[in-house]
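In: Pasting a predicted model and its sequence here:
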There are 2 protein chains.
Amino acid sequence: MIDTSPITQQLAFICELDRLKHVLRQTALIDGSRRENSAEHSWHIATMAVVLAEHAAEPFDLGRSLKLLLLHDVVEIDAGDTFCYDADGNRDKEARERRAAERLFGMLPQGQAAELRGLWEEFEAGDTPEARFAHAMDRLEPLLQNHANGGGTWRQHGITRAQVLARMAPLQTATPGLWPTLLALVDEACAKGDIVADAGAHASVSGARR
Amino acid sequence: MIDTSPITQQLAFICELDRLKHVLRQTALIDGSRRENSAEHSWHIATMAVVLAEHAAEPFDLGRSLKLLLLHDVVEIDAGDTFCYDADGNRDKEARERRAAERLFGMLPQGQAAELRGLWEEFEAGDTPEARFAHAMDRLEPLLQNHANGGGTWRQHGITRAQVLARMAPLQTATPGLWPTLLALVDEACAKGDIVADAGAHASVSGARR
């Protein structure tokens, strides 16, 4: 007989979480030595939320935002990581991740399965202050990594300044106080050739700022 | 001139955190393929806290406990990971970690440096409900990993049942509802020879339970 007590279900889910440490993201660590996995990425952005909470544009519950950040990538255990600039991969991403959420959160006792799946859906929808702040953290980490490690995925894929700024948009609204500093990092990366400087836009913005 | 604006200090601290991903613990992942690093460990135990919060023996603030768990190993960036059963390494652990806390949290703006260092000290002291629950999570993860991966560090170092139970003590008080299940996992590991069964104690306990 299979033991399906709530505690056994919770411990089985917890053991399953270990597999997120094998899911590799495209982005490399700051020293460029290897690609980052989604578990350590999730730790980093949750810890960043603790450090940067004061810069949130609107009142929010940091504890809830931490839950969203800790859980946001769990579906990658089944669905894998989808590179943000990969148009093909992003077409069926939602369906793959929904199936993953069904199976993974479904390992938990019923009430908790619904609760944690709800937190994952809240992050995905991005419609609450907690989710908006969480999205900002999720976008900031690879920016800092690519900036530090010589361009990383920007350089590998010939990413343009317009693409980077579109990707960073959640930071402009959720943490506006950080925006000028982050824009300066993007401009530095453009100047080094780590990001492809879009002819018109970049020349005028960087001309105005220097 | 060095830019010491609060935002620049916070971003420098956040980049420094990336180094925790290079600090290897003794314990291997559940599939035994490699050792775990302290960043992914921190993610795992924080997420475990979300899943297991209902089992806490006393009322506690989960959000605060998550902060303790996210920050508890940051000092290892300088001080390294000290294996829990290494008596020599544990003698100067406190001094090494205090120096690390001084330097690392000292990278932050003054008020925040004190706040985050205070959270680290709260975890170390283990005197609040939040810290007690956090300690329990920190002890539970390697138990589940060793149990799943064929004995791991227990087998490598000939660890006895009494040593494992002493290490697990925070779980007995902080999450008593989990205790019978965890004791059963320890007994299973003893039966497989993953843990050295202490003659008297183990025979009598397991005799009483089976």
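Out: Noted; the coordinates are in hand.

In: Am I right that residue A:36 is in a strand?
Out: Yes: under DSSP: H, G, I helix; E, B strand; the rest coil, residue A:36 falls within a strand.

In: For whichever residue of chain A sits closest to chain B, give me the pLDDT.
Out: Here chain A gets closest to chain B at one residue, residue A:63, 2.4 Å apart by Cβ to the nearest Cβ. All C-beta atoms are positioned from the backbone trio N, CA, C, and that covers glycine. At residue A:63, the model reports a pLDDT of 98.

In: anything in stretch A:187-201 sitting right up against chain B?
Out: No: Stretch A:187-201 lies out of reach of chain B by Cβ under 8 Å from any Cβ of the partner chain, never closer than 12.5 Å.

In: Dump that stretch to CSV, restricted to CA.
Out: Output in CSV follows, covering the C-alpha atoms of stretch A:187-201 (Å, rounded to 0.1, in the frame of the first residue of the first chain):
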residue,chain,number,x,y,z
ASP,A,187,25.0,51.9,-21.5
GLU,A,188,28.3,50.6,-20.2
ALA,A,189,27.6,47.2,-21.7
CYS,A,190,26.7,48.9,-25.1
ALA,A,191,29.9,50.9,-25.0
LYS,A,192,31.9,47.6,-24.5
GLY,A,193,30.0,45.9,-27.3
ASP,A,194,28.4,43.4,-24.9
ILE,A,195,25.0,44.7,-26.1
VAL,A,196,24.3,45.7,-29.7
ALA,A,197,23.6,49.4,-29.7
ASP,A,198,20.4,50.1,-31.6
ALA,A,199,21.5,52.9,-34.0
GLY,A,200,19.1,55.7,-33.3
ALA,A,201,17.9,55.1,-29.8
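
In: for the residue of chain A closest to chain B, helix, strand, or coil?
Out: Secondary structure assignment for residue A:63 (three-state DSSP): helix.

In: Around the closest residue to it other than its chain neighbours, count how many other residues there are.
Out: Counting by Cβ to Cβ, 6 or more residues apart in numbering or on different chains, residue B:63 is the residue found nearest to residue A:63 once chain neighbours are left out, at 2.4 Å. By other Cβ atoms under 10 Å in any protein chain shown, 16 other residues sit near residue B:63.

In: for residue A:139, what are its contacts?
Out: Residues near residue A:139 by Cβ atoms under 8 Å, 6 or more residues apart in numbering or on different chains: A:167-168, A:170-171.

In: For it, grab phi and psi.
Out: phi -80, psi -30 (degrees, to the nearest 10).

In: what about it, distance to residue B:84?
Out: Distance of residue A:139 to residue B:84, given as Cβ to Cβ, to the nearest Å: 37 Å.

In: So which residues of chain A form strands?
Out: Here chain A has its strands, by DSSP state E, at A:24-28, A:35-37.

In: Output those in TSV; the columns should cover mean pLDDT and distance to chain B.
Out: Listed next are the strands of chain A as TSV, based on pLDDT from 0 to 100; distance: least, Cβ to the nearest Cβ, whole Å:
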stretch	mean pLDDT	distance to chain B
strand A:24-28	96	10
strand A:35-37	98	7
